[in-house]
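Peer 1: Pasting a predicted model and its sequence here:
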Amino acid sequence: MGTRTPDDERPAVWGAYGKLVRLYRERAGLTQQGLAEAIGYSLEQVASVERGRRPAKGAFTDAAERVLGAEGALRVLQEDVDRAKLPLFFRDFAVLESEAVSRFSYDPMLVPGLLQTEEYARALLEAHYPPLEDEAIEQHLSARLARQTLLHRTKPRVVFAFILEESSLYRLVGGTAVMRRQLAQLRECARLRNVEIQVMPTRRAAHSGVNGQMVLLETVERRQFVCIEAQGIVNIRSHRDEVSEFWLRYGMLRSQALDLEESGRLVERLAGEL
């Protein structure tokens with residue numbers, strides 16, 4: 001068996017994207033240096049993207065599309081490029097999530113990724129153990145923030161329901177200033193017409209969510225899934241009877257949590273106390 005090199009671990013879509021960039025660049029009669037100057041990136045960045053060593057960000061794609069006249073060929077790959085930045089264990093879930101028309105979740109420990117500020121998300125990634133390389137942190141952070149476009153997608157619009165354990169709002173991830181901005185982000189997200197955020201009060205000592213986090217998804221094809229993540233392991237279930245139990249469980253959680261107005265007032269109060 002041959003020895004695997006670091007490039008063997010790169011997602012194939014990064015390489016495919018890079019080959020397209022090179023094809024359109026050569027058709028345009030540009031060198032890598034010429035393209036770099038035209039789109040405002042360094043030669044090293046352009047070369048790395050073309051070789052599939054690093055993923056292109058949306059701004060790179062937009063600039064390359066404009067300069068190279070790619071007519072959407074690069075942009076159509078951007079979602080897959082972003083998704084490939086996610087940890088391998090999370091990618092299957094991310095595909096299902098991208099196809100969802102509804103997403104309901106209960107999170108007992110932290111603010112969920114779709115609602116996190118960049119600073120909050122970075123603090124969590126930097127706390128990972130064993131420590132992540134700087135490049136991995138940037139890639140995971142970029143992918144996590146890119147997922148948040150789902151909140152604003154309109155075709156089809158996704159309906160979101162989040163239940164956060166009250167104790168997660170007291171965990172000062174990144175420090176007081178970071179948490180203050182995170183609570184402000186929760187208030188902003190709660191104003192979206194397709195987003196509902198409830199808080200499960202600590203005083204409700206026992207409820208059907210104490211066994212852990214859950215995400216319930218329904219896709220465009222009306223297929224239903226339940227996804228459970230713990231310590232970097234994602235378990236996705238689709239058996240009708242199992243999924244039905246989780247939907248019943250989630251319905252009970254929503255009835256036990258603070259309502260939308262009470263939840264909003266609690267978040268507002270906690271933000272004021274920081």
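Peer 2: Cool, got the structure.

Peer 1: Can you find the helix or strand in this structure with the smallest mean pLDDT?
Peer 2: Each helix and strand of the chain was given a mean pLDDT (mean pLDDT, DSSP states H and E); the minimum falls on helix 91-98 at a mean of 82.

Peer 1: what's that helix packed up against?
Peer 2: If you count contacts as 3 or more C-beta pairs under 8 Å, 6 or more residues apart in numbering; DSSP states H and E, helix 91-98 packs onto helix 78-83, strand 214-219, strand 224-230, strand 233-237. For every residue, glycine as well, the C-beta is placed using N, CA and C.

Peer 1: closest to Glu196 out of the ones you listed?
Peer 2: strand 214-219 (13.6 Å; C-beta to C-beta).

Peer 1: Would you enumerate the residues in contact with the nearest residue to Ala190 once chain neighbours are set aside?
Peer 2: Once flanking residues are discounted, Ala190 sits nearest to Ile197: 4.6 Å by C-beta to C-beta, 6 or more residues apart in numbering. Ile197 makes contact with Leu115, Phe162, Leu164, Leu186, Cys189, Ala190, Leu260, Ser263, Gly264, Val267 under the criterion C-beta atoms under 8 Å, 6 or more residues apart in numbering.

Peer 1: now swap in Ala205 and tell me
Peer 2: So Ala205 contacts nothing (C-beta under 8 Å, 6+ apart).

Peer 1: what do you get for Pro156?
Peer 2: Val101, Val220.

Peer 1: how far away is it from Val199?
Peer 2: 28 Å (C-beta to C-beta, to the nearest Å).

Peer 1: ditto for Asp259
Peer 2: Using C-beta to C-beta, one gets 10 Å for the distance from Asp259 to Val199.

Peer 1: likewise Ser98?
Peer 2: 27 Å.

Peer 1: neighbours of Pro107, just the number please.
Peer 2: One correction, residue 107 is Asp, not Pro. 21 (other C-beta atoms under 10 Å).

Peer 1: Sorry, slip of the keys, the one I care about is Gly272.
Peer 2: 9.

Peer 1: Name the SS class of the residue lying farthest from the centre of the chain, please.
Peer 2: In the chain, Gly29 marks the outermost C-alpha relative to the chain mean, sitting 37.0 Å out by C-alpha atoms, centre = their mean. Recorded secondary structure, Gly29: coil (DSSP: H, G, I helix; E, B strand; the rest coil).

Peer 1: distance of it from Val67?
Peer 2: Using C-beta to C-beta, Gly29 is found at 12 Å from Val67.

Peer 1: all helices for this protein, in order.
Peer 2: 12-27, 32-39, 43-50, 58-68, 78-83, 91-98, 118-126, 134-147, 176-190, 240-256, 260-273 (DSSP state H).

Peer 1: for the shortest one, packing partners?
Peer 2: Same thing as helix 78-83. Using 3+ C-beta pairs under 8 Å, 6+ apart, the elements in contact with helix 78-83 are helix 12-27, helix 58-68, helix 91-98, helix 134-147.

Peer 1: Compare Ser98 and Val199 (neighbour count), which wins?
Peer 2: Val199 (25 against 16).

Peer 1: If anything else comes up later, I'll come back, but that's it for now.
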